[in-house]
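Participant: Below is the sequence, then the predicted model.
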Amino acid sequence: MRKLNLGITFLLGSIVMSLSSPAGASPAQSASPLGIFQNHGDIGTVLHAGSAQYDTAHGAYTLTGSGENVWFIADAFQFAWKQVSGDVALTADIAFPEPGGNPHRKAVLMIRQSLDAGSAYADVALHGVGLTSLQYRDAQGAVTHEIQANLSAPHRLRIEKRGDFIYLFLASAAGQPLKTSGASVKIPMQGPFYIGIGVCSHDKDVVEKAVFSKVELSVPAPLTASPVLYSTLETVPIDSTDRRVVYVAASHFEAPNWTTDGAHFFFNSDGRILHLPVTGGTPEIIDTGTAIHCNNDHGLSPDQKWMAISDQTQADHLSTIYIVPIGGGAPHRVTRNSPSYWHGWSPDGKTLAFTGQRNGDFDIYTIPAAGGDETRLTTAKALDDGPEYSPDGKHIYFNSERTGHMQIWRMLADGSAQEQITSDEFNNWFPHISPDGKWMAFLSYGNEVTGHPANKDVQIRLMALVDRKISVLAKLFGGQGTINVPSWSPDSQKVAFVSYQLLPAEETAK
């Protein structure tokens, strides 16, 4: 991370910043009363005027502000800002010096398109209770959403804009390095925009105070040819669509399953199946015996006694379906033919639905969970994939490219009455039906994307099966591994998924 010299006008990479300090001046000697910031003021409607002070001796900013909230479709808060362009990062220690106050008072590091109350923006918001979120409004006048971090009351915070993506970095305590929180969102900023610090009392009748110290405005390190991949397990509720980070690691993991008691996740990484409480923590490896090259097609039996896995440990390295005890144990081979990729378990636990490649064609098959003969259900001369049973067992949903465009289809469980469910400009993959049978979550790529590759801008979308209306649950950087397998919470209220980040090695060592 490169700090900006405050005495010079820089043209560095894609960022241009004109700073008002005289040449050679240190922050403590800056001619600006606001240090590195150009101005300040109240955004939106506030009942009590805010203020901004810069302590040159200690290099700290104290902001006071009123305002009902930084949320919904318009904001009300005190903001000290600088207008910039290009890639940029803002880092600070943040504290509320006065105890009490509204639990949801907010101190923020913010990137904002304009000073209008309803502007598009993203911020790192530290709440009075310690909750820390990446909040964002992705268009003028749109509703604000957030991605909650899994670290409460961090000591140091950073907001970083890299291209069209904005990232949240946190340090748990003084002297600890900043680490990616796993929260990121795509918010394109047009032309010059504003970056700065702000405070909101979350109570229109109250004035609140926040102190920002060790404030650094800098240019992020460039993305190298060998970036570090971060994977983040997140959940998103279908009512608010506000996301929450559960677990993040500098490794590649994929495809979370949610247990029917709502207490745990299973996912795959480096050929193994891992087990993690929904509250987070450290994952544990599940013993799968000799099957140690598991891919992202795995899932739990309805009675939660077994797990189906797709593994490539065989000499031919082709995916084969096994079942293992949910607590671990020796794998029992189910499919004789390969490659076979598990995707669904019938509600009565007797049958598996899978994708098989036979004679060059990918089609949907079923097979008894105990093993036996497979039954081919689709014969279209195109890729059919992602089969999953409806909760009542009457239908199998799947995705098919038979029309020349990947769309969601369904058929009766015996393969008859095949019908198209989606028909739009996206390439739609991996339908997952909620346990109550009311919703279908699925992954959507842009129409220019072939297959289901990794590291793409994608959406998780939601269809109400009663009227087939579609809404967006989440926009993210992901694709392969994001939502390949069933990942609904047992109460049908949330979906688990994996998002990804590519960051320079320098960013991982701050």
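Facilitator: Cool, the structure landed. All values derive from a computational prediction rather than experimental measurement. Numbers count the residues shown, from 1 in each chain.

Participant: Could I get the contacting residues of residue 394?
Facilitator: By CB atoms under 8 Å, 6 or more residues apart in numbering, residue 394 lies in contact with 412-413. For glycine as for every other residue, the C-beta is placed from the backbone atoms N, C-alpha and C.

Participant: measure it to residue 440 for me?
Facilitator: 14 Å (CB to CB, to the nearest Å).

Participant: Is it correct that residue 330 is in contact with residue 291?
Facilitator: No. In this structure residue 330 lies outside contact range of residue 291 using CB atoms under 8 Å: 9.0 Å.

Participant: what touches both of those two?
Facilitator: residue 324.

Participant: ok, longest strand in this protein?
Facilitator: The residue-count maximum for a strand in the chain (DSSP state E) belongs to strand 208-219.

Participant: and the helix or strand just after it, what other elements does it pack with?
Facilitator: Using DSSP states H and E, the helix or strand that follows strand 208-219 towards the C-terminus is strand 228-237. Contacts defined by 3 or more CB pairs under 8 Å, 6 or more residues apart in numbering; DSSP states H and E place strand 228-237 against strand 179-186, strand 243-249, strand 253-258, strand 264-269, strand 469-478, strand 494-503.

Participant: How far off centre is the fifth one?
Facilitator: Yep, that's strand 469-478 we're talking about. Computed by CA atoms, centre = their mean, to the nearest Å, the chain-centroid distance of strand 469-478 equals 10 Å.

Participant: And it, what's buried?
Facilitator: By neighbour count on 16 or more other CB atoms under 10 Å, the buried set for strand 469-478 is 470, 473-478.

Participant: tilt between that strand and strand 179-186?
Facilitator: 140 degrees (axes from the mean of the first three to the mean of the last three CA atoms, to 10 degrees).

Participant: for the closest residue to residue 301 other than its chain neighbours, what are its contacts?
Facilitator: Leaving out its chain neighbours, the residue that sits closest to residue 301 by CB to CB, 6 or more residues apart in numbering is residue 349, at 5.2 Å. Shown in contact with residue 349 (CB under 8 Å, 6+ apart): 301-303, 369.

Participant: Redo these as JSON lines? Include distance to residue 356.
Facilitator: What follows is those, written out as JSON lines (distance: CB to CB, whole Å):
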{"residue": "301", "distance to residue 356": "20"}
{"residue": "302", "distance to residue 356": "22"}
{"residue": "303", "distance to residue 356": "25"}
{"residue": "369", "distance to residue 356": "16"}
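
Participant: Make a ChimeraX selection of the buried ones in the residues you listed.
Facilitator: Buried members of these, identified by 16+ other CB under 10 Å, are gathered into one ChimeraX selection as follows:
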select :301,302,369
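
Participant: Name the nearest of the contacts of residue 349 relative to residue 105.
Facilitator: Closest to residue 105 out of these is residue 302 (45.8 Å), distances taken as CB to CB.

Participant: so the closest one makes contact with residue 351?
Facilitator: No. The criterion here is CB under 8 Å, and residue 302 misses it with residue 351 at 11.0 Å.

Participant: got any residues that touch both of these two?
Facilitator: Residues touching both residue 302 and residue 351 (CB under 8 Å, 6+ apart) are residue 345.

Participant: Need the buried residues of strand 469-478 in CSV (columns: distance to residue 53 and pLDDT).
Facilitator: Listed next are the buried residues of strand 469-478 as CSV, based on distance: CB to CB, whole Å; pLDDT from 0 to 100:
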residue, distance to residue 53, pLDDT
470, 49, 98
473, 42, 98
474, 39, 98
475, 38, 97
476, 39, 98
477, 39, 98
478, 43, 98
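
Participant: picking up where we left off before, tell me which other helices or strands the longest strand of the chain touches.
Facilitator: For strand 208-219, the elements it packs on are strand 2-3, strand 60-65, strand 88-95, strand 193-200, judged by 3+ CB pairs under 8 Å, 6+ apart.

Participant: Can you tell me which of the ones you listed is packed in deepest?
Facilitator: strand 193-200 (a mean of 27; mean count of other CB atoms under 10 Å).
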